[in-house]
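1. Got a predicted model here, sequence first, then my questions.
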Amino acid sequence: MVGTALLGAAANRQVCPTISEMTFGNQSSGLRLLLNVFQSGIGESEAPRAGEDAMNIRMNPFDLHRIACQSLATLCALSLAPLAMAQRAAAPDPSNAPPVELVLVEPESATAGVVSQWKKEGFKAVAVVLEERTSEAGYREAARRISDGGLDVYYWIEVARNPTMATAHPRWMAALGSHDDWQKNFPKFPEPGVGEVAKAFPWVPINYRESFDAHLARIEQLLKRAPTGWRGLLLNDLQAGPSSCGCGNLLCRWAVDYHVRSTATKLAGDMVAANFVAEVRKRVAGKTVIPVWTTECERADLPSEKNHGLAGTGLCGTVGCATGACPEEFTRQWSALVSSHDGPIGLLAMHTVLQRTQVQFGGGPGWVTNAIAYLDQTIPGHKGNAASRDRLWMVVEGSRAGEVETARQLAAKAGVGAVIVARAKLDQSYEPRMVPVK
C-alpha cells in the first residue's frame, strides 16, 4: 500500500510535488511536524467497505494525498504571505531602465582629471553645491570642465540649514518642540527658562513668512552665479527642522513650533513646500526643479515600552509618535508636494548623516531600501498620493567605496529614476540655542 501511494504521488507530481521535492528552509517546526504526519499517514488507509458508516469511512491514499497537498498549499501561502507583503515595498519594477547616476560635489572638486574619473565610474551628470563662498568665476570654470568632460550640470542648494541666516535671524530658526528628549543628546545644555524657546541651530525652515521670502531671495542671488546650460536645480531641506517635536530624532521633520510659542510668522497648512517649489520654478523657467525630502521617524526608533517590548535605536527617546502623528503629517505634506509637482523628488538616504547606522535595526548602506519602503508603506497606509518609483532620486553617501556600491546597487534594484552619490559634505546635525519669546 505504501508503494502504491507513493506511485500515485509521483504520478500527480505536476499538481502536488512530493515532500522531498519541497524546500521549507524557514518554515516553523509546527509546519514540519504537519508535513511528517501527512507523509507517514499516506498508504495506511484503505477503501471503504460496503455498508460502512460514512463517519468511519477511511480515505484511500490518493484522496488523502490530495487533501494533504491542498492543506500544505494553504499553509505555505499563509506562512509566506507576510514575507511577500514585507518584500513588496522594495520589489523592483522590471520595466524600469537603469537609473541615471549623478555625483554631488563642491565646485572646487571639478578638475579635468576628476571629471574624467567620474565619467569612468558611470556618472552621467554632476550636481554642484551652489553657495555664497564660491564666486561666479569659480562656478563658470567648474561648469566648463564638467561640460567638456561630457557630463550634464545640475546645482544643489542647501535651503533650511543655513548658519549665516540663523545667526542673523535667530527668531526664524526651527523650534525643538515641547518634548524634552532632545536634552539627552545635550546633557550639559540648560533647559529653556521662562520666556525662552529652544531652537535648532542653524536650521531656518521655509515654514515662516519671513524665512520663506528670505530663502527665495537668496536662491535668486545664488542662481546669478550659475552659468547658463545647466539642467536642473535640487533643493534640499524643505521640511521643518530636525527633532521638530523635541524627541531628538534627526528624521523628525513634521512639526513646526510643536506646542511652543512661535517667534516668527508661521505659515499654516501642508502646502508650504509645494508653494515654495512652485515659486522657484517661476524663477528658473524651463529648468527641472527637484525638491529633496527626508522620511520620518521609524518604528524601530520607538521606546521599548511603546513597541511591544522590542529593543530599538533609542532615537525617539520616550516619544511614541513614530506610529501616530509622524506618518500622518508626513503623508499630508508629501501628498501636497506630489499632487502639485509633476517632476522628480529627491529622497535623502544618507545613513551616517541621519544616524541610521545600527545594522540590527536596518541601518548601514542598506538603509536606502528602508527609506523607499517607508514611502511604499506609509503613503498608501494613510491614503496619501504616492509618487511612482521612477520619480524618486535617491541621495546616498559617497565617502566609503564598499558602502557606496552597496547603496547604489540597492537603489538601482529598487527601480528609482536616479541615484545621487554625495561626495560633498551634507550636514544634518543641529545644536540647541535659546531664543527669548517676546
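-> Great, that's in hand. Residues are numbered from 1 along each chain as shown.
2. in the stretch 51-200 of the chain, which spans are helices?
-> For the stretch 51-200 of the chain, the helices defined by DSSP state H, counting those that start in this stretch cover 61-88, 112-120, 136-148, 163-168.
3. Least reliable of those helices by average pLDDT, please.
-> Note on the helices of the stretch 51-200 of the chain: lowest mean pLDDT is at helix 61-88, with a mean of 38.
4. quick one, what contacts Gly384?
-> Counting by C-beta atoms under 8 Å, 6 or more residues apart in numbering, Gly384 touches Thr331, Arg332, Trp334, Ser335, Val338, Thr378. C-betas here are computed from N, CA, C, even on glycine.
5. swap in Val153?
-> Shown in contact with Val153 (C-beta under 8 Å, 6+ apart): Ala125, Val126, Val128, Ala143, Ile146, Ser147, Gly229, Trp230, Arg231.
6. any chance of those in a markdown table, with distance to Val289 and neighbour count too?
-> Compiled in a markdown table, the contacts of Val153 are given as follows (distance: C-beta to C-beta, whole Å; neighbours: other C-beta atoms under 10 Å):
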| residue | distance to Val289 | neighbour count |
| --- | --- | --- |
| Ala125 | 15 | 20 |
| Val126 | 18 | 30 |
| Val128 | 16 | 27 |
| Ala143 | 18 | 21 |
| Ile146 | 20 | 27 |
| Ser147 | 21 | 16 |
| Gly229 | 17 | 11 |
| Trp230 | 12 | 24 |
| Arg231 | 11 | 13 |
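7. Among the residues you listed, which one lies nearest to Leu354?
-> Nearest to Leu354 out of these is Val128 (C-beta to C-beta; 22.5 Å).
8. which residue sits closest to that closest one, ignoring its sequence neighbours?
-> Pro107 (5.2 Å; C-beta to C-beta, 6 or more residues apart in numbering).
9. hang on, the earlier thing: among the contacts of Gly384, list the two that are farthest apart in space.
-> Pairwise over the contacts of Gly384, using C-beta to C-beta, the maximum falls at Val338 and Thr378, 12.8 Å.
10. Can you pick out the residue with more neighbours from those two?
-> Higher neighbour count among Val338 and Thr378: Thr378, with 21 against 18, using other C-beta atoms under 10 Å.
11. What mean pLDDT does stretch 98-110 get?
-> Mean pLDDT, computed over stretch 98-110, is 97.
12. and the closest residue to Trp230 other than its chain neighbours, what are its bridge partners?
-> Excluding the flanking residues, the one nearest Trp230 by C-beta to C-beta, 6+ apart is Val153, at 4.4 Å. Here Val153 sits in beta bridges with Val126, going by DSSP bridges.
13. what about Val153, distance to Leu223?
-> 13 Å (C-beta to C-beta, to the nearest Å).
14. in the chain, which helix or strand is least confident?
-> Across the helices and strands of the chain, the lowest-confidence element by mean pLDDT, DSSP states H and E is helix 2-11, at a mean of 34.
15. Show me the contact partners of stretch 298-314.
-> Here stretch 298-314 makes contact (C-beta under 8 Å, 6+ apart) with 249, 251, 315-320, 322-323, 355, 358, 361-363, 370, 374.
16. tell me the centre residue of this protein?
-> Ranked by distance to the mean C-alpha position of the chain (C-alpha atoms, centre = their mean), the top residue is Ala371 at 1.7 Å.
17. what are the phi and psi angles of that one?
-> The phi/psi pair for Ala371 (degrees, to the nearest 10) reads phi -60, psi -40.
18. close enough to count as contact, it and Gly346?
-> No: under the criterion of C-beta atoms under 8 Å, Ala371 is not in contact with Gly346, lying 11.1 Å apart.
19. Between the two, which contacts overlap?
-> By C-beta under 8 Å, 6+ apart, Ala371 and Gly346 have these common neighbours: Met394.
20. May I see the buried residues of stretch 185-199?
-> Of the residues in stretch 185-199, Asn185, Pro192, Glu196, Val197, Ala198, Lys199 count as buried by neighbour count, 16 or more other C-beta atoms under 10 Å.
21. same thing with stretch 342-351?
-> Buried residues in stretch 342-351, counted by 16+ other C-beta under 10 Å: Pro344, Ile345, Gly346, Leu347, Leu348, Ala349, Met350, His351.
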